[in-house]
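> Quick one: sequence plus predicted model below, questions after.
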Amino acid sequence: MIDVVFWISAVLILYHHLGYPIALRAIAARLSRRSVRSDPELAVPPEVTIIIPAHNEEAVIAAKIRNLAMLDYPRGRLSVVLALDGCTDGTAAIARGLLGEIDGLNLQIVEYPSNIGKVAVLNDQIARVASGIVALSDTSSLLDPDALIRAVRHFGLPSVGVVCPTYALIRPGSEGERAYWDYQTRVKAAEGAVGAPMGAHGAFYLFRRELWEPLEQDTINDDFILPMRIVQRGYDAVYDPQIVATELETSTARQDFRRRIRIGAGNLQQVLRVGGLANPMRPGVAFVFLSGKALRAFIPFLLLINAASLPFLAVQEGGIYLYALASEVFVGLTALAGYFGVPRTLPRQARWAAYFLQGHVAGFIGALILLGGLRGHAWKLSAAAKAKA
């Protein structure tokens with residue numbers, strides 16, 4: 001019985017990390033050769049409202065506002081809402097001081113007297129939007145001047161409900177983080193070709209206002225639940241690698257670990273809330289959801305089961321299980337060396353292994369927190385804000 005549990009967990013782990021990415025890229029390459037996407041030209045650019053929720057972002061807010069002022073989009077068709085959620089630093093004063101500096105940008109500053117949380121801010125502000133397209137963006141991410149022009153073209157097709165740009169780090173916090181986001185960029189591009197990119201990134205994404213549904217207050221990964229509910233209703237999500245949101249801040253190892261705990265809890269929550277993505281009537285979407293995000297929520301548990309069963313099998317059966325145990329110990333020690341060692345003195349593979357192991361440990365902790373009854377969550381502070389906290 002133990003050997004059956006071991007092999008089931010091993011197959012699922014290997015499929016998620018190796019089999020699925022290989023199959024995904026192969027299918028995406030074949031589909032890309034068969035179809036060439038052509039979005040219709042828009043005679044009149046749609047009205048767009050960019051909502052930027054912020055909490056204690058004085059270190060980056062000036063750069064963000066100046067970046068928005070440089071967007072190449074008709075000023076009469078663009079509105080920006082800066083929603084300050086109970087800020088206790090100089091964010092509001094800096095933002096108001098820039099109103100006279102920026103030229104022609106329709107910027108509205110909304111201040112909430114107390115910190116009500118990101119999800120509550122989003123629900124309140126999106127409900128007030130009158131434009132057909134809503135864009136959400138983080139304060140610490142900068143956009144290329146043509147980002148909006150490129151993005152709204154996709155909405156020329158009525159079937160498109162969400163547009164997801166790519167995400168780039170200006171300075172990765174570690175070699176593992178750089179490799180992770182490079183991998184995620186490739187995966188999302190392939191997911192978009194096969195079915196739909198699994199989730200957007202809060203740095204910047206757009207959707208049709210009419211398709212929005214209010215989020216539950218305890219929503220963890222809002223940038224997954226919100227766009228994927230639109231996809232769940234039958235609309236397309238487009239991943240456009242030509243539109244880039246660049247993250248200015250560099251997170252520390254501790255901040256990155258906390259972020260990944262949050263994502264781990266969110267992964268399990270979103271499986272329960274957008275399970276309709278597994279609808280076999282949309283096989284491409286179902287494939288990427290079940291093989292990617294849904295299975296990933298359970299990988300930490302499968303790793304634990306696999307690691308716990310292997311020593312028993314190695315003692316009882318020997319042979320291949322003994323070699324597997326030795327390999328597992330080697331990978332674990334390599335990961336620990338990559339985590340505790342001096343990054344520049346260790347091979348790149350060791351740093352990748354460390355980031356891989358750390359991610360699944362964080363995912364396991366996050367899942368346990370959710371199963372333990374998580375209700376609501378604190379605002380995800382920027383690196384600059386955390387450093388001052």
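Received it, and whenever you're ready, just let me know what you need. Keep in mind it's a predicted model, so treat the numbers as computed, not measured.

> for the chain, which spans come out with low pLDDT?
By pLDDT under 70, the weakly predicted segments of the chain are 33-39, 171-177, 250-256, 334-354, 374-389.

> quick one, longest helix in it?
Longest helix of the chain, by residue count under DSSP state H: helix 348-371.

> Give the other helices and strands that that helix contacts.
helix 175-194, helix 253-273, helix 299-316, helix 320-340 (3 or more C-beta pairs under 8 Å, 6 or more residues apart in numbering; DSSP states H and E). Bear in mind the C-beta positions are built from the backbone N, C-alpha and C, glycine included.

> Quick one: work out the angle between the first one and helix 253-273.
Which is helix 175-194. Per axes from the mean of the first three to the mean of the last three C-alpha atoms, to 10 degrees, the angle that helix 175-194 makes with helix 253-273 is 30 degrees.

> Can you list the buried residues in helix 175-194?
Of the residues in helix 175-194, those with enough neighbours to count as buried (16 or more other C-beta atoms under 10 Å) are 175-181, 184-185, 187-194.

> hang on, the earlier thing: tell me which of the helices and strands packed on helix 348-371 approaches R77 most closely.
Set against R77 and scored by C-beta to C-beta, the helices and strands packed on helix 348-371 come closest in helix 175-194, at 26.3 Å.

> The closest residue to D144 other than its chain neighbours: which element?
Excluding the flanking residues, the one nearest D144 by C-beta to C-beta, 6 or more residues apart in numbering is V244, at 6.0 Å. Counting by DSSP states H and E, the element that carries V244 is strand 236-247.

> And V152, by the same measure?
Assessed by DSSP H and E, V152 sits inside helix 147-153.

> I'd like to know which elements whichever helix or strand comes after that helix is packed against.
Later in the chain than helix 147-153, the nearest helix or strand by DSSP H and E is strand 160-169. Applying 3+ C-beta pairs under 8 Å, 6+ apart, one finds that strand 160-169 contacts helix 147-153, helix 175-194, strand 204-208, helix 222-232, strand 236-247.

> so which of the helices and strands packed on helix 348-371 gets nearest S114?
helix 253-273 (22.0 Å).

> Run the angle between the closest one and helix 348-371 for me.
Here the directions of helix 253-273 and helix 348-371 differ by 50 degrees (the same axes, to 10 degrees).

> Buried residues, helix 253-273. List them.
Within helix 253-273, the residues scored as buried using 16+ other C-beta under 10 Å are 255-258, 260-271, 273.

> same deal with stretch 112-130?
112, 115-126, 129.

> Could you dump the residues you listed into TSV and include secondary structure and distance to A308?
Formatted as TSV, these follow (DSSP: H, G, I helix; E, B strand; the rest coil; distance: C-beta to C-beta, whole Å):
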residue	secondary structure	distance to A308
Y112	strand	47
N115	coil	41
I116	coil	42
G117	coil	37
K118	helix	37
V119	helix	36
A120	helix	41
V121	helix	42
L122	helix	40
N123	helix	42
D124	helix	46
Q125	helix	47
I126	helix	45
V129	coil	50
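
> For those residues, work out which two are farthest apart.
N115 and V129 (22.1 Å).

> and stretch 225-243, which residues are buried?
Buried-residue list, stretch 225-243, by 16+ other C-beta under 10 Å: 225-232, 235-240, 243.

> which residues does the most centrally placed residue in the chain contact?
Residue closest to the average C-alpha location in the chain (C-alpha atoms, centre = their mean): H201, at 4.1 Å. With contacts defined as C-beta atoms under 8 Å, 6 or more residues apart in numbering, H201 is in contact with C164, P165, Y167, D223, A245.

> between those, which is closest to R77?
R77 has its nearest neighbour among those in P165, at 19.0 Å by C-beta to C-beta.

> I am assuming that closest one contacts L148, so please confirm or correct that.
No: with contact defined as C-beta atoms under 8 Å, P165 does not reach L148; the gap is 10.3 Å.

> Which strands and helices lie in contact with the helix holding V152?
Using 3+ C-beta pairs under 8 Å, 6+ apart, helix 147-153 sits against strand 133-137, strand 160-169, strand 204-208, strand 236-247.

> Can you mark which positions in stretch 271-286 are buried?
With burial defined by 16+ other C-beta under 10 Å, the residues of stretch 271-286 counted as buried are V271, R273, V274, G276, L277, R282, G284, V285, A286.

> I meant to write stretch 46-60 there.
Buried residues in stretch 46-60, counted by 16+ other C-beta under 10 Å: 47-60.

> out of these, which are inside strands?
Residues of the buried residues of stretch 46-60 located in strands (DSSP state E): V48, T49, I50, I51, I52, P53, A54.

> residues contacting the residue nearest to A196 when sequence neighbours are not counted?
Nearest non-adjacent residue to A196, counting by C-beta to C-beta, 6+ apart: A237, 4.2 Å away. Contacts for A237 were tallied using C-beta under 8 Å, 6+ apart; they are 160-164, 192, 196-197, 200, 227-228, 230-231.

> ditto for N123
N123 touches P214, L215, counting by C-beta under 8 Å, 6+ apart.

> Against L295, how distant is it?
As judged by C-beta to C-beta, to the nearest Å, N123 and L295 stand 30 Å apart.

> most distant residue from the middle of the protein?
Q316 (42.9 Å).

> For that residue, give me its contacts.
For Q316, no residue meets the contact criterion (C-beta under 8 Å, 6+ apart).

> Show me which pair in the buried residues of stretch 225-243 is furthest apart.
Q232 and I243 (23.2 Å).

> coming back round to it: now tabulate the ones in strands among the buried residues of stretch 46-60 in TSV and tack on distance to L68.
Listed next are those as TSV, based on distance: C-beta to C-beta, whole Å:
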residue	distance to L68
V48	11
T49	12
I50	7
I51	12
I52	8
P53	14
A54	13
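
> which two in those are spaced the farthest apart?
The distance between the two most remote of these (C-beta to C-beta) is 18.8 Å, for V48 and A54.

> neighbours around L14, how many?
Using other C-beta atoms under 10 Å, L14 has 11 neighbouring residues.

> on that earlier part again, quick one: distance of the helix holding V152 to the chain centre.
Put simply, helix 147-153 sits 20 Å off its chain's centre (C-alpha atoms, centre = their mean, to the nearest Å).
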